[in-house]
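A.B. asks: Structure for this input, please:
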Amino acid sequence: QDEEEMKRLDERGKQCPMPVIETKKALEGAAPGEVIEVIVDNEIAVQNLTKMANHKQLKSQSEKRSNTEFRVQIQAGENAAGTLTEDRDEAAVCLPDGRKGGTVVVLASNEMGSGDEVLGKLLMKGFVYALSQQEILPEKILLYNGGAFLSCEGSDALEDLKEMEAMGVEIRTCGTCLNHYGLEERLRVGDVTNMYDITEILMQAEKIIRP
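C.D. replies: Below you'll find the predicted structure:
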């Protein structure tokens, strides 16, 4: 591909859906046939960009340069804007790789297992981190009773929960539990929910994981 017909974007270090959004914007301003080359640092980003290209019916190809450098080339078509017209649509492109439909993780305590409290909190912190690193994430995470502490200010698991939320995981914390523990003003990730919503989610879940 000639240099003058190619535009390059460096999207390394950016979380989904930013590489998809910025690539779409570049495609919208591209001439038909122009190639947008996107540099990313992980395979999930490659898959997300490829999905976006397929969704828009655009030609694409990818190449792995190293473990931290991947290049994706997408050729603009006659209608470069395609059918993805709102930011939430770009975010949705990430979801097939980021979420497992029907899987709900229940965190009913800020400790994992029973026995030593310090160990239990350490194990829960490790579980939430390990969960955030999975290739396939749950669709929803429910937090109630002592689990409400995990989504609030001061939680060691807060950044990992925020990362999963950015990938499209729905995080909901019991409002009654927040009130009981005086945490109403300290919630820092996800939304407040109620027992009816929690019950409905659990009844409709295909798989429930409770560490």
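A.B. asks: rest of the way, CA atoms for contacts and neighbours
C.D. replies: Fine.
A.B. asks: Which pLDDT value goes with the residue lying closest to residue 6 once chain neighbours are set aside?
C.D. replies: Distance criterion CA to CA, 6 or more residues apart in numbering; nearest residue to residue 6, sequence neighbours excluded, is residue 35 at 4.7 Å. Predicted confidence (pLDDT) for residue 35: 94.
A.B. asks: Centre-most residue in the chain?
C.D. replies: Geometric centre of the chain, nearest residue: residue 167, 0.7 Å, by CA atoms, centre = their mean.
A.B. asks: any low-confidence regions in the chain?
C.D. replies: Low-confidence segments of the chain (pLDDT under 70): 1-5, 79-101.
A.B. asks: Sketch out the helices for it, chain order is fine.
C.D. replies: Ranges of helices in the chain, per DSSP state H, are 18-28, 43-55, 87-98, 117-132, 158-166, 175-180, 195-204.
A.B. asks: what's the last one packed up against?
C.D. replies: Read that as helix 195-204. Applying 3 or more CA pairs under 8 Å, 6 or more residues apart in numbering; DSSP states H and E, we find helix 195-204 packed against strand 100-107.
A.B. asks: CA-only coordinates of the strand it packs on in CSV, if you can.
C.D. replies: Provided in CSV are the C-alpha atoms of strand 100-107 (Å, rounded to 0.1, in the frame of the first residue of the first chain):
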residue,chain,number,x,y,z
LYS,A,100,-20.0,-13.9,28.4
GLY,A,101,-23.8,-13.6,27.9
GLY,A,102,-25.8,-15.1,30.6
THR,A,103,-23.0,-15.5,33.1
VAL,A,104,-23.4,-13.7,36.4
VAL,A,105,-20.8,-13.4,39.1
VAL,A,106,-22.2,-13.0,42.7
LEU,A,107,-19.9,-11.3,45.2
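A.B. asks: from the middle of its chain, how far away would that strand be?
C.D. replies: Taking CA atoms, centre = their mean, to the nearest Å, the mean C-alpha location of strand 100-107 is offset from the chain mean by 14 Å.
A.B. asks: try stretch 123-139
C.D. replies: 12 Å.
A.B. asks: buried stuff in that stretch?
C.D. replies: Using 16 or more other CA atoms under 10 Å as the test for burial, stretch 123-139 gives 123, 124, 125, 127, 128, 129, 131, 132, 137, 138, 139.
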